[in-house]
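> Quick check, what structure comes out for this input:
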Amino acid sequence: MNLRSIGQRIGPGLLYAAAAVGVSHLVQSTRAGGDYGFAMIPIIIAIALIKYPGIRFGGDYAAATGRTLIHSYAAISGWVTLIYAAIILLTMAFVSAAIVLVVNGLLQSVLGFSASDFSIAAVLLGVTGILMLSGKYRFIEGLNKFVVPVFTLLIFVTTIVLASQTTWTTVNFALPVVNAVLIMYVVQLAGWLLTPMDGSVLQSLWTTAKSEQLGRRFAPEESRFDFNLGYGVSLLLALCFLIMGAGVLYESGIDVPAGSGPFAAQVIGLFAGIVGDWSFLPIGLMALLVMYSTLLTVLDGFARNLSTLAEIAIPATIARRYEISTIIIVVSAIAVIGAFMRSFTAFIDFAGALTFLLAPFYAGLNHRAMFSREVPEDLKPGSVLRIWSLLGIVVMSVVALLYIWLRWLA
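Take a look at the predicted model:
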């Protein structure tokens, strides 16, 4: 396989990696390392393994059928479509709001100013919406092909340098005691890592878009290669951020700030403290570019999501569906920040728990879609992945129910 062939295969998976390098990595993975040290490494790996089939099936289904997962959901019944629509309208507002708050924190930290989180986030969402409505967002994939590898390399190098400087005996390796606090913490972490489970729907949307771009069906083997590459990179990056959090925050006992600006400054400071003070600005700008790319990628995915839903529910009756969907997402995210934003970290945790509680719903529907009659027999996953998927659904369901009991009923 030559470089040109690899480049042609890279698309939705890289968009997935770009969307993943955001709240789950910069915020949650770093905090996990800072709070628990290296004890969270096996937990992050376990989360990635449990969620893998459900998220991967988005690209697999689209490559096998030429349709998105939304079409599969809609084919079950009108009630499933209605439930999915209600869920996506809720989650897109909270997820978009959480991502823009991270961008806001990086912007304030890099440029060295302080302002209301709500006002800056609202401006950022408005500008991004205008950019999408003008059609200028289409450079996303090309931008990601440059930004993600460079930022990934930067993180890897920084992690290696940190590893050589860390006093390993002072960092916690012991698995934490399983109790109510840990379970709720892991749920809030797992909701984001490596992305929320609805990333499977975005993966199916991006795969069908890639097929249109190529002028042919994005082949199943191309889809698997592309997704596995993006998923693998995302997992490695999550572990790198955890190692940085453990090696600097946990070892020194530094508390994680609750505000988005101070938190972003602390994360960039992790890099600068390892590489050198001179690197604060260039690293901050690179992180800001990556996070803004994430914001664009996710908003574009949600807009495609709503647009496809509208097309299925009321075909040929709504013009400019993508544009209307973009406006709905921007307005709803601004409303959520204004209504629910009290503490940056508390808001991130709430959004993470919300997305995890919905994960079994997505995973179950995705399993059904992948093993339905719509998918040719020779393109269905083997028995190992089938059992893997079912085990993941069971584990996520049990943990979600346990969280609900501990959080609201116990």
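> where are the low-confidence patches of the protein?
Within the chain, the ranges that satisfy pLDDT under 70 run 1-21, 136-145, 148, 166-172, 213-214, 251, 256, 258-259, 315-319.
> Try it again at 80.
The chain contains residues with pLDDT under 80 at 1-23, 135-152, 163-176, 206, 209-219, 247-264, 270-279, 313-319, 341-342, 410.
> So what's the residue count around Ser164?
Here the neighbour count serves as a burial measure; for Ser164 (other Cβ atoms under 10 Å) it reads 8. (C-beta placed from N, C-alpha, C; glycine too.)
> Which secondary structure state does it sit in?
Of the three states, Ser164 takes helix according to DSSP: H, G, I helix; E, B strand; the rest coil.
> now swap in Leu175 and tell me
Taking three-state DSSP as the rule, one finds Leu175 in the coil state.
> Was I right to think it contacts Met40?
No - using Cβ atoms under 8 Å, Leu175 is not in contact with Met40; the gap is 9.3 Å.
> higher neighbour count, the two?
Set Leu175 next to Met40 and count neighbours by other Cβ under 10 Å: Met40 wins out with 29 against 14.
> Show me what the helix or strand harbouring Val157 is packed up against.
Under the criterion DSSP states H and E, the helix or strand holding Val157 is helix 140-165. With contacts defined as 3 or more Cβ pairs under 8 Å, 6 or more residues apart in numbering; DSSP states H and E, helix 140-165 has these neighbours: helix 12-20, helix 220-244, helix 260-275, helix 280-313.
> closest one to Ser397 among those helices?
Between Ser397 and these, the shortest separation by Cβ to Cβ is 22.0 Å, and it involves helix 220-244.
> Any buried residues in the closest one, and which?
Of the residues in helix 220-244, 220, 222-227, 229-231, 233-235, 237-244 count as buried by neighbour count, 16 or more other Cβ atoms under 10 Å.
> what angle sits between that helix and helix 140-165?
40 degrees (axes from the mean of the first three to the mean of the last three Cα atoms, to 10 degrees).
> tell me the angle helix 220-244 makes with helix 260-275.
Angle between the axes of helix 220-244 and helix 260-275 is 90 degrees (criterion: the same axes, to 10 degrees).
> circling back: of all the helices and strands packed on helix 140-165, which gets the most neighbours per residue?
Mean neighbour counts were compared across the helices and strands packed on helix 140-165 using mean count of other Cβ atoms under 10 Å; the top stretch is helix 12-20, at a mean of 28.
> Distance check, Arg90 against Ile120.
For the record, residue 90 is Leu, not Arg. 24 Å (Cβ to Cβ, to the nearest Å).
> The two: which has the busier surroundings?
Counting neighbours by other Cβ under 10 Å for Leu90 and for Ile120 shows that Ile120 has the greater number, 21 against 14.
> re the thing from before, could the helices and strands packed on helix 140-165 go into JSON lines alongside distance to Phe344?
JSON lines is the format used below for the helices and strands packed on helix 140-165 (distance: least, Cβ to Cβ, whole Å):
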{"stretch": "helix 12-20", "distance to Phe344": "20"}
{"stretch": "helix 220-244", "distance to Phe344": "17"}
{"stretch": "helix 260-275", "distance to Phe344": "4"}
{"stretch": "helix 280-313", "distance to Phe344": "14"}
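> So for Ser332, which of those sits nearest?
Closest approach to Ser332 among the helices and strands packed on helix 140-165 is made by helix 280-313 (9.7 Å; Cβ to Cβ).
> So which other helices or strands are in contact with that closest one?
helix 12-20, helix 69-76, helix 78-111, helix 117-133, helix 140-165, helix 199-214, helix 260-275, helix 321-340.
> so of these, which one's packed in deepest?
For these, the largest average neighbour count (mean count of other Cβ under 10 Å) is found in helix 12-20, namely a mean of 28.
> so how far is the helix or strand following that helix off the chain centroid?
From helix 12-20 onward toward the C-terminus, using DSSP H and E, the following helix or strand is helix 30-36. With Cα atoms, centre = their mean, to the nearest Å as the basis, the distance from the averaged C-alpha position of helix 30-36 to the chain average is 18 Å.
> Same question for stretch 276-287.
Distance of stretch 276-287 from the chain centroid (Cα atoms, centre = their mean) equals 23 Å.
> residues making contact with it?
26, 106, 109-110, 147, 150-151, 154, 264, 267-269, 271-272, 275 (Cβ atoms under 8 Å, 6 or more residues apart in numbering).
> of those, closest to Gly364?
Relative to Gly364, and with distances defined as Cβ to Cβ, the nearest of the contacts of stretch 276-287 is Leu26, at 30.0 Å.
> quick revisit: of the contacts of stretch 276-287, which is the nearest to Arg67?
Ranked by distance to Arg67 (Cβ to Cβ), the contacts of stretch 276-287 are led by Val147 at 30.2 Å.
> my read: the closest one touches Val290, true?
Yes - counting by Cβ under 8 Å, Val290 is a contact partner of Val147 at 5.6 Å.
> Leu295 and His367, how far apart?
Noted for Leu295: a distance of 30 Å to His367, by Cβ to Cβ.
> no, scratch that, I was asking about Leu236
26 Å.
> repeat for Tyr322
Applying Cβ to Cβ, the value for Tyr322 to His367 is 29 Å.
> How about Tyr292?
Between Tyr292 and His367 the distance is 34 Å, computed by Cβ to Cβ.
> Kindly report the same for Ile404.
Using Cβ to Cβ, we find Ile404 at a distance of 22 Å from His367.
> Please say which of those two ends up with more neighbours.
Set side by side, Ile404 and His367 show more neighbours around His367, with 20 against 14, by other Cβ under 10 Å.
> Now do the contacts for that one.
In this structure, His367 makes contact with Pro53, Gly54, Phe57, Arg386, Ser389, Leu390, Ile393, judged by Cβ under 8 Å, 6+ apart.
> swap the cut-off to 10 Å and go again
With contacts taken as Cβ atoms under 10 Å, 6 or more residues apart in numbering, His367 has the following neighbours: Pro53, Gly54, Phe57, Pro381, Leu385, Arg386, Ser389, Leu390, Gly392, Ile393.
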